[in-house]
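Participant: using only what follows, build the 3D model:
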Amino acid sequence: MAAALVVWGVIVFKINSGLGPKEVLKSEITQNQSFTPSIRVEVDSFSIQMVDRDPFLGTLYQPPKKIKKPVKKPPKPIAFIPISYSGFVQKNHSKTPVFVININTHQYIMKKGQTVDSVTLVKGNASEIVVRYKQHLKTIKRP
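Facilitator: Numbering: from 1, shown residues only. Model prediction:
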């Protein structure tokens, strides 16, 4: 019975202390100090050194060989034969025009893609034509 009384007393004390007002300790700290962090600047110095041996293959380092590129000579200007554009003719219901071209003082009637005296007609319109002679293109305007 005495033990039960002690147990009930502890339980009542715990409940009473849990419900009661708590005392709050207030402490005021005055901050009269000012904080200035010290700034330290350290220069990190390093140097890169040439590695003699490849760490993965175990072979010695060989500098890359310099490859000399061949110097391309500018293409020689090609001497075109005398070519002039006289005009074009087109039928009313046809979509392919026929061009009148003078090559070496001879007059020819040519369509697109046609070749005469190693001169190929590439394209053309009412004001100019484009011809290919020895793999070079030249635009010729109508006078």
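
Participant: contacts only, for the closest residue to Met50 other than its chain neighbours.
Facilitator: For Met50, ignoring the flanking residues on the chain, the nearest one in space by CB to CB, 6 or more residues apart in numbering is Tyr61 at 7.2 Å. Backbone N, C-alpha and C define where each C-beta goes, glycine included. Going by CB atoms under 8 Å, 6 or more residues apart in numbering, Tyr61 touches Met50, Val51, Asp52, Arg53, Asp54.

Participant: okay, who's weakest in those residues by pLDDT?
Facilitator: Minimum pLDDT for the contacts of Tyr61 is recorded at Val51 (75).

Participant: make sure that one is indeed in a strand.
Facilitator: No: looking at Val51 with DSSP: H, G, I helix; E, B strand; the rest coil, it is coil, so not inside a strand.

Participant: check contacts around Pro97.
Facilitator: Contact analysis of Pro97 by CB under 8 Å, 6+ apart lists Phe88, Val89, Gln90, Lys111, Gly124.

Participant: quick one: it from Ser118, how far?
Facilitator: Distance of Pro97 to Ser118, given as CB to CB, to the nearest Å: 22 Å.

Participant: same check, this time on Val71
Facilitator: Distance from Val71 to Ser118, by CB to CB: 30 Å.

Participant: quick one: which of the two has more around it?
Facilitator: Ser118 (10 against 5; other CB atoms under 10 Å).

Participant: dump the residue contacts of that one.
Facilitator: Here Ser118 is in contact with Tyr133, Lys134 (CB under 8 Å, 6+ apart).

Participant: got phi/psi on it?
Facilitator: Torsion angles at Ser118 (phi, psi; degrees, to the nearest 10) stand at phi 60, psi 20.

Participant: hmm, back to that, what's the closest of the contacts of Pro97 to Ser17?
Facilitator: Gly124 (109.9 Å; CB to CB).

Participant: so what's that closest one closest to, chain neighbours aside?
Facilitator: Beyond its immediate neighbours in the sequence, the residue positioned closest to Gly124 (CB to CB, 6+ apart) is Phe99, lying 5.2 Å away.

Participant: got the CA positions of stretch 132-143 in CSV?
Facilitator: Extracted as CSV, the C-alpha positions of stretch 132-143 are listed here (Å, rounded to 0.1, in the frame of the first residue of the first chain):
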residue,chain,number,x,y,z
ARG,A,132,30.7,26.0,-119.3
TYR,A,133,34.0,25.9,-121.2
LYS,A,134,36.8,23.5,-120.0
GLN,A,135,35.1,23.0,-116.6
HIS,A,136,34.9,26.8,-115.9
LEU,A,137,31.6,28.7,-115.8
LYS,A,138,31.2,32.1,-117.3
THR,A,139,28.1,34.4,-117.3
ILE,A,140,27.6,36.3,-120.6
LYS,A,141,25.2,39.2,-120.6
ARG,A,142,23.1,40.3,-123.6
PRO,A,143,24.2,43.6,-125.2
